[in-house]
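*Asks:* My questions are about this predicted structure, shown below with the sequence.
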Amino acid sequence: MGQIVSINISKNKGERKKPVTEAWEVVEGCGLKNDGHANPDPHAQGENAHRQISLLAEESIEKMRQAGLLDVGPGDFAENITTSGISLLSLKIGDQLRVGDEVLLRITQIGKVCHNRCAIYYQAGDCVMPKEGVFAEVINGGRIEVGDEIVEPLP
């Protein structure tokens, strides 16, 4: 069982996200409310429609710090949810996670292909999302907050 370390949003895609301090709404079929990566049309079909929420482990961010990127933290790799205590890399596509009391996510992608170095790479000096980030679609929405438990994988 893991937990939420940080919830992060940004207005636009391809930029560092800023941690929010209050509980935040997760919208079914969409993502985090008011986030640049949220799917505005829950019925849309497209290349990235399945990437409604991104997750990255605090442990992955710590690896980047150990590699010399000292000034990085939650949201700096454009992840929506920074986790702790859950092995994101052991998840499989189709696994479901319960986040907090209400939210249910289904893993849709492990890592991503970065054809060009994104703004995150140039801002932070490297990007761990292509190797260690995971993406999910929102099966059931609700509110989440820092400290909420993440239970995985659900049958």
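*Replies:* Okay, I see it.
*Asks:* C-alpha from now on. contacts and neighbour counts both.
*Replies:* Fine.
*Asks:* To what extent is residue 148 buried, counted in neighbours?
*Replies:* 19 (other Cα atoms under 10 Å).
*Asks:* Name the nearest residue to residue 131, sequence neighbours excluded.
*Replies:* With Cα to Cα, 6 or more residues apart in numbering as the criterion, residue 131 has its nearest non-adjacent residue at 5.0 Å, and that residue is residue 111.
*Asks:* got a list of what the one you found touches?
*Replies:* 129, 130, 131, 132, 133, 134, 135 (Cα atoms under 8 Å, 6 or more residues apart in numbering).
*Asks:* do that again at 6 Å, thanks
*Replies:* 130, 131, 132, 133, 134 (Cα atoms under 6 Å, 6 or more residues apart in numbering).
*Asks:* Those residues, buried ones only, as a ChimeraX selection?
*Replies:* Remark: buried members of these, expressed as a ChimeraX selection using 16 or more other Cα atoms under 10 Å:
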select :132,133,134
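*Asks:* Wasn't residue 89 part of a strand?
*Replies:* No: Residue 89 is assigned helix when assessed by DSSP: H, G, I helix; E, B strand; the rest coil, not a strand.
*Asks:* what about the nearest residue to residue 50 once chain neighbours are set aside, distance to residue 21?
*Replies:* Using Cα to Cα, 6+ apart and skipping residues adjacent in sequence, the residue nearest residue 50 is residue 137, 5.5 Å away. Here residue 137 is placed at a distance of 23 Å from residue 21 (Cα to Cα, to the nearest Å).
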